[in-house]
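Student: next input, structure requested:
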Amino acid sequence: MPVLLTEAMAQSRPYGLEARVPNTSLLINLAQNAPAATISATGLFRDTAKQIVAPGIIPYAVNSELWSDGAEKTRFFALPGNAQVGFSRDGNWHFPPNSVLVKNFYFDFVKGDPASRQIVETRLLVKMGATDTWKGFSYQWNDDATDAHLLRESDRRTFFIVDTDAPDGIAQQRYFFPGPEDCSLCHREASGRVLGGRTHQLNGEYNYGAISDNQLRTLNHIGFFTEDIGEDYSQFPRWANPRDESAPIANRARAYLAANCSHCHRPGGVERGDFDARYETPLDQMRTVGISPSLGRLDTELENVRIINPGKADQSTLLLRTLNFSSFRMPPLASSVLDEDGTSLLRKWIDGMSTSTSVASESSIPEEFDLAQNYPNPFNPTTAIQYRLAEEGPVELTIFDLMGQRVRQLISGDHTAGSHQVIWDGRGDNGMSVASGVYFYRLRSSGGGITRRMLLLR
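Tutor: The predicted structure follows:
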């Protein structure tokens, strides 16, 4: 079991890194230059053949990983010089202009033997100056892993893995290399573009070599953030590790879904991804349990198939789509290998649910009029507002500033009874972005009126 440290004990521990070295090698300004043609020319590595990163490039790991067909990964932050990151406990971190996030992908070419591990791909996610836009690039390594070339478009390769369980002892693995146009499919505006570099993913231990330390503690110590975040992270959000069997299975399953699905399945995500897979969304608000799928039932003779059918994983498309390799496959991009551990986790989680799990069915109508707190809050650039109506009728949802002046009319008209959601993009009725600050949103209907406050941070 994990050891709980007192604040005094934590402060007496050695840090994972004692000092920060400025990054003067991996510097990319896309407004001035195109990305380098080879990975060796980027400045990422001090020794390219051994993948030893240059000074000033900071390693990190995430609590819950995106499934990448069994590839092992290493991750790094490369901030220009000694530039710092604006910290957010619950929302997106604010990276400085021209930040670079690095992810290396490795395969064990003898299954289960780390000594056979070899790098196959490096991805760079680069911030476009001071804008909120990020661009992704993929470098494909050559067969002897001495260098990698920039891909101008997506590519596929077949790798041959020595596997005693495979026919003839050799398994063929088809691997997808994304092109620049593919990166935005996951790194979406609604998800904040950066998926791993957040508090809930880095609030955990990392092995820095001689020392293991909480990553937030180490980053704070070396001046990575623009503010001192202290050393007590017990109240900070933290995703579970899906492979950590000591953690509650619901936390593990939700972390798996959050890492693999929530960049699309969330408010403001893909149009047809009409459920919310974010870790912090309560189960009864995910719009999954007892809900009939709008797409891909996968087995039409099963009248009881649902996105999640409690106690019946084989009638739950949330699981079935991860087992499927047709056009209904989830995730839909860059995966052709079954995640046995992940699918087993989802199966156990769903099968362990009580059939009386308390969620609203498709036909249920809320018995009360309610306006939820917006999420995320604080927010930038968008936030979701959910509300419930006990009966059909006229509805108004309006944004006001601190002076009580109307900023934006989000909803005005008749609505059916039930649960609803609207996204505010931080713009006024005139289409212009509003300034940072506190705003109020008010819901009015025949059921009464409710007002709540929210904070926009530019």
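Student: for residue 31, which three-state class applies?
Tutor: Following DSSP: H, G, I helix; E, B strand; the rest coil, we place residue 31 in the coil state.
Student: likewise for residue 252?
Tutor: Three-state assignment for residue 252 (three-state DSSP): helix.
Student: the one 3 residues further on too?
Tutor: Here residue 255 is recorded as helix under three-state DSSP.
Student: in the stretch 51-200 of the chain, which spans are strands?
Tutor: In the stretch 51-200 of the chain, the strands defined using DSSP state E, counting those that start in this stretch lie at 52-53, 58-60, 72-78, 100-108, 117-127, 134-141, 148-150, 155-162, 170-177.
Student: residues contacting residue 93?
Tutor: 85, 86, 87, 194, 197, 198, 199 (CB atoms under 8 Å, 6 or more residues apart in numbering). Backbone N, C-alpha and C define where each C-beta goes, glycine included.
Student: counting only helices, which of the residues you listed make the cut?
Tutor: Judged by DSSP state H, those include residue 199 as members of helices.
Student: need the max-distance pair from the contacts of residue 93.
Tutor: Across those, no pair lies farther apart than 87 and 194, at 13.2 Å, counting by CB to CB.
Student: partners of residue 106 in the sheet?
Tutor: residue 72, residue 119 (DSSP bridges).
Student: so what's it scoring on pLDDT?
Tutor: Residue 106 is assigned a pLDDT of 97 by the prediction.
Student: hey, where'd the helices end up in the stretch 201-350 of the chain?
Tutor: Secondary structure of the stretch 201-350 of the chain (DSSP state H, counting those that start in this stretch): helices located at 215-221, 249-261, 317-323, 340-351.
Student: related to what we said a few turns ago, quick one, which of the contacts of residue 93 are buried?
Tutor: Neighbour counting with 16 or more other CB atoms under 10 Å marks 85, 87, 194, 197, 198, 199 as buried within these.
Student: format those as TSV; extra columns: pLDDT.
Tutor: Listed next are the buried ones among the contacts of residue 93 as TSV, based on pLDDT from 0 to 100:
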residue	pLDDT
85	97
87	96
194	83
197	89
198	92
199	95
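Student: so which of these is the closest to residue 52?
Tutor: Using CB to CB, residue 197 comes nearest to residue 52 of the buried ones among the contacts of residue 93, at 22.2 Å.
Student: now do the phi/psi pair for that closest one.
Tutor: In terms of degrees, to the nearest 10, the main-chain angles of residue 197 are phi -80, psi 70.
Student: got a list of what it touches?
Tutor: Shown in contact with residue 197 (CB under 8 Å, 6+ apart): 60, 77, 85, 93, 95, 101.
Student: distance of it relative to residue 88?
Tutor: 11 Å (CB to CB, to the nearest Å).
Student: re earlier: return the member of the contacts of residue 93 nearest to residue 125.
Tutor: Of all those, residue 194 has the smallest distance to residue 125: 7.2 Å, by CB to CB.
Student: before we move on, the earlier item: now distance to residue 133 and mean pLDDT too, for the helices of the stretch 201-350 of the chain, in TSV please.
Tutor: Shown next, in TSV, are the helices of the stretch 201-350 of the chain (distance: least, CB to CB, whole Å; pLDDT from 0 to 100):
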stretch	distance to residue 133	mean pLDDT
helix 215-221	24	97
helix 249-261	23	92
helix 317-323	31	87
helix 340-351	31	94
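Student: distance check, residue 262 against residue 91.
Tutor: Residue 262 sits 14 Å away from residue 91, going by CB to CB.
Student: what do you get for residue 126?
Tutor: Separation of residue 126 from residue 91 (CB to CB): 21 Å.
Student: so which of those two has more stuff around it?
Tutor: The residue with more neighbours, out of residue 126 and residue 91, is residue 126; 21 against 18, by other CB atoms under 10 Å.
Student: state the distance from the more buried one to residue 100.
Tutor: Residue 126 is 5 Å from residue 100, by CB to CB.
Student: just the element for residue 419, please.
Tutor: Using DSSP states H and E, residue 419 maps to strand 418-424.
Student: give me the pLDDT value at the closest residue to residue 423 other than its chain neighbours.
Tutor: Closest residue to residue 423 apart from its sequence neighbours, by CB to CB, 6 or more residues apart in numbering: residue 268 at 5.0 Å. Residue 268 is assigned 72 on the pLDDT scale.
Student: still on that earlier bit, what is in contact with residue 126 and residue 100 at once?
Tutor: Common neighbours of residue 126 and residue 100, counting by CB under 8 Å, 6+ apart, are residue 28.
Student: per-residue confidence at the residue lying closest to residue 173 once chain neighbours are set aside?
Tutor: Once flanking residues are discounted, residue 173 sits nearest to residue 159: 4.7 Å by CB to CB, 6+ apart. We have a pLDDT of 93 for residue 159.
Student: where does the stretch 151-300 of the chain dip in pLDDT?
Tutor: Low-confidence segments of the stretch 151-300 of the chain, defined by pLDDT under 70: 183-192, 269-274, 294-300.
Student: what are the ranges of the strands in the stretch 351-458 of the chain?
Tutor: All strands of the stretch 351-458 of the chain, identified by DSSP E, counting those that start in this stretch, fall at 370-371, 383-389, 393-400, 406-415, 418-424, 437-445, 448-456.
Student: for the shortest one, what is the average pLDDT?
Tutor: For strand 370-371, the mean per-residue pLDDT is 86.
Student: and for the second one?
Tutor: Here strand 383-389 scores 86 as its mean pLDDT.
Student: in this structure residue 254 contacts residue 279, no?
Tutor: Yes. Using CB atoms under 8 Å, residue 254 makes contact with residue 279 at a distance of 5.2 Å.
Student: show me which of these two is the more surrounded one.
Tutor: Neighbours per residue, other CB under 10 Å: of residue 254 and residue 279, the larger number sits with residue 254, 24 against 19.
Student: enumerate every residue touching the more buried one.
Tutor: Per CB under 8 Å, 6+ apart, neighbours of residue 254: 240, 279.
Student: same check on residue 64?
Tutor: When contacts are counted by CB under 8 Å, 6+ apart, residue 64 touches 201, 239, 240, 241, 242, 255, 256, 258, 259.
Student: who touches stretch 164-183?
Tutor: Residues from elsewhere that reach stretch 164-183 (CB under 8 Å, 6+ apart): 69-70, 107, 111, 120-121, 123, 125, 134-138, 140, 151-163, 333-337.
Student: out of those residues, which end up buried?
Tutor: Using 16+ other CB under 10 Å as the burial test, these include 69-70, 107, 111, 120-121, 123, 125, 134-138, 140, 151, 161, 163, 334-335 as buried.
Student: for the residue most central in space within the chain, give its distance to residue 400.
Tutor: Centrality entry for the chain: nearest residue to the mean C-alpha point is residue 195, 3.9 Å, by CA atoms, centre = their mean. Distance from residue 195 to residue 400, counting by CB to CB: 33 Å.
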